[in-house]
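**Q** Give the three-dimensional model of this entry:
(one chain, ligands or ions: 2)
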Amino acid sequence: MTLPSLLLLSSSPSSLIPFSSIFISPTTSSFRRLTLMASSSSSSSASLPTVYPIPCLYPEEVDRVSRASMERYSCPLDARSRTGRGTVIVWFRNDLRVIDNEVLYEAWIRSEAVLPVYCVDPRHFGSTRHFRFPKTGALRARFLVECLDDLKKNLVTRGLDLLIRHGKPEELLPSIAEAFGAHTVYAQKETCSEEVNVENLVKKCLQRLKVGSSPGHSVIPKLHLLWGSTMYHIDDLPFKVNSLPDVYTQFRKTVESKCKVRTCIKTPRSLGPPPKVGDWGCVPSVEQLGLNQQKVDKGIRCLGGESAALSRVEEYFWMKDLLRTYKVTRNGMLGTDYSTKFSMWLATGCISSRFIHEEVLRYEKERVANESTYWVLFELIWRDYFRFLSMKYGNSIFHLGGPRNVQNKWSQDQKLFECWKEGRTGYPLIDANMKELSATGFMSNRGRQIVCSFLVRDMGLDWRMGAEWFESCLLDYDPCSNYGNWTYGAGVGNDPREDRYFSIPKQAQTYDPEGEYVAFWLPQLRPLPISSRHFPGSSYIPQVVPLKFGNAQKARTIQTGRRGNPVERQTRGSSWKRRN
Ligand SMILES: Cc1cc2nc3c(=O)[nH]c(=O)nc-3n(C[C@H](O)[C@H](O)[C@H](O)COP(=O)(O)OP(=O)(O)OC[C@H]3O[C@@H](n4cnc5c(N)ncnc54)[C@H](O)[C@@H]3O)c2cc1C
Ligand SMILES: Nc1ncnc2c1ncn2[C@@H]1O[C@H](COP(=O)(O)OP(=O)(O)OP(=O)(O)O)[C@@H](O)[C@H]1O
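**A** Numbering: from 1, shown residues only. Ligands and ions are numbered 1, 2, ... in the order given. This is a model prediction of the structure:
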């Protein structure tokens, strides 16, 4: 029996957070020794070890789902369908997948041999620009290692392999192109300046070469960039990205009414053989990337790779049937299932948003179509929106004043910032979220909005400190979504209307009324009465700053507030607003 099917038996479908129903030994990093324990009492869960794998499937099940999806997205083309000549390189970047990968497909169809390459770029393991955090934290590094492992495996299954080299793409790719006589390097187009600069350098360095078997037949290798990171293709937009609407709703309504999401590209079953390679190189370990291993011993543990991504879709949509309630649960903070957790696989390109779109449509046809099924697409349009905005606004999304060049006084108080970063602000809701981020590399969307508002509005800190810390820690770090959301939250984004203060008492009351989330991450609060977990007074560390709009009255509301399912209360009869 698979773990999810066991879970279905053990958790009631109406339970929004089946979090306490599955436990895994903290000493276990693989998914093999999972122990299921039914637990309904919050006090018993306090003493239990709690790591929650995502997807929550045995490895054999992950393999099965991956093979089945690969089969479904295979096309009958064989070598005779190829129209190209010679050898080409596929430079894998943030598109670490085989299914719906236009780069891989185009490279294959336009060549006789494909050489897949991944460059371990040392710049990804340096420091963030202003505040010098590790550019890639240890947890994301491990996720990446797992992605590469899985990509290599999936390519081998299709008759290829993955050449792994350490160095800058602009140095490695030309020398590989020269060694293998490759006439084209295919890659996915990126949009932020760090990545675009590398593209330009690769292009320039390739232009210095001539490849070919004889001088008369030599060519200058080209860099061929293809679009692949969004659900709506850039070429299908009804406006130029420079004229992108500044208000999200306008963008969404226009694309929804005027564009169609393209169908996924199917990949031939056999993509080989590759050119003869002596040493393919190994997937690096976290230590070889210059980082110390960090184990997740509490909270969610996401497995990297396309196979895991496909399995998560299978688990969330089909096995647990959670898509039908997504809109009601999506604002949760605790557990594996309140939201899809697709973001890390989308950020690394282990899965395409078009694949998710197709699965939503299939689910709507076979099971149910409702607000929840639509809402996943609604959120994916946000992701597209931030990607296109990064093109419209360029580097200004990284600048203090943001796209609107807002002049504001910001502090860079290190002590205050350390309190935020380490979860020592004296506000359990902030501290719990920040501890979750450090321990797992993930934080809910609700949590991200709250800690962003607190850093910017209550602490008055430079929002880039928070954004760079997120850049370092998040498994799903994506420059467009991260800096886009931070500029938005800091009130310097392109949409001047979205400048909201997130009141901690109100957020606590609505989204963690039982204090379960804060008690999970701050176990010292668990013995306290539920009514004081969010404002524990002298039983907890002192508050580092007062709240901008005070908390006394709101804190009382929590104490006397009705208990029950916050999300249901919030949705029923109220006109739902996304960012409140
Ligand atoms: C300050 C801040 C920083 C953020 N940084 C990132 C980041 O670096 N990378 C990232 O992928 N997301 C980021 N987000 C957006 C959002 O928080 C995450 O995408 C989401 O929490 C991931 O969890 P999920 O996959 O379970 O989301 P779900 O609720 O299941 O949503 C489904 C998908 O929709 C997309 N999505 C949902 N909300 C947003 C949003 N606000 N912006 C863009 N896409 C969205 C994601 O791809 C997500 O996987 C940030 C949000 C905030 C407020
Ligand atoms: N993918 C990315 N992730 C994080 N930060 C990025 C990414 N792409 C670009 N940036 C940031 O964008 C900023 C670009 O810098 P900036 O706009 O200051 O231009 P510059 O040419 O580097 O310097 P100058 O200020 O002299 O023009 C840098 O802070 C860089 O780190």
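**Q** Look up how far Gly491 lies from Trp463.
**A** According to Cβ to Cβ, to the nearest Å, Trp463 stands 9 Å off from Gly491. C-beta coordinates here come from the backbone N, C-alpha and C atoms, glycine included.
**Q** and stretch 422-433, how far apart are its ends?
**A** With Cα to Cα, to the nearest Å as the measure, stretch 422-433 spans 10 Å from end to end.
**Q** Now do the shared contacts for Trp463 and Gly491.
**A** The contact sets of Trp463 and Gly491 overlap at Val456 (Cβ atoms under 8 Å, 6 or more residues apart in numbering).
**Q** Can you name the residues in contact with stretch 289-300?
**A** When contacts are defined by Cβ under 8 Å, 6+ apart, stretch 289-300 is touched by residues 26, 29, 49-54, 120, 125, 134, 136-139, 141-142, 144-145, 286-287, 336, 341, 436, 439-442, 521.
**Q** what residue ranges in the stretch 201-350 of the chain score low on pLDDT?
**A** Applying pLDDT under 70 to the stretch 201-350 of the chain flags residues 213-215.
**Q** Now with 90, please.
**A** Per-residue confidence for the stretch 201-350 of the chain (pLDDT under 90) gives these ranges: 212-218.
**Q** Spell out which helix or strand contains the residue in it that ligand 2 sits nearest to, please.
**A** Taking Cβ to the nearest ligand atom, ligand 2 has its nearest neighbour within the stretch 201-350 of the chain at Ala347, 11.3 Å off. If you go by DSSP states H and E, Ala347 is part of helix 343-348.
**Q** Which neighbouring elements make contact with that helix?
**A** Counting contacts by 3 or more Cβ pairs under 8 Å, 6 or more residues apart in numbering; DSSP states H and E, helix 343-348 packs against helix 138-157, helix 306-313.
**Q** Going along the chain from it, find the next helix or strand for me.
**A** Toward the C-terminus, helix 343-348 is succeeded by helix 353-366 as the next helix or strand (DSSP H and E).
**Q** So the next helix or strand after that following helix, near ligand 2 or not?
**A** Proceeding N to C from helix 353-366, the next assigned helix or strand is helix 371-393, under DSSP H and E. No - applying Cβ under 6 Å from any ligand atom, one finds helix 371-393 out of contact with ligand 2, separated by at least 8.5 Å.
**Q** Out of the helices and strands packed on helix 343-348, flag the one nearest ligand 1.
**A** With distances scored as Cβ to the nearest ligand atom, the stretch of the helices and strands packed on helix 343-348 nearest to ligand 1 is helix 306-313 (9.4 Å).
**Q** now the angle between helix 353-366 and that closest one, please.
**A** Relative orientation of helix 306-313 versus helix 353-366 (axes from the mean of the first three to the mean of the last three Cα atoms, to 10 degrees): 30 degrees.
**Q** Give the other helices and strands that helix 306-313 contacts.
**A** Checking 3+ Cβ pairs under 8 Å, 6+ apart, helix 306-313 ends up next to helix 59-72, helix 138-157, helix 343-348, helix 353-366.
**Q** What residues does the stretch 301-450 of the chain have near ligand 2?
**A** The stretch 301-450 of the chain comes close to ligand 2 at residues Asn395, Phe398, as judged by Cβ under 6 Å from any ligand atom.
**Q** same thing but at 8 Å, please
**A** Gly394, Asn395, Ser396, Ile397, Phe398, His399 (Cβ under 8 Å from any ligand atom).
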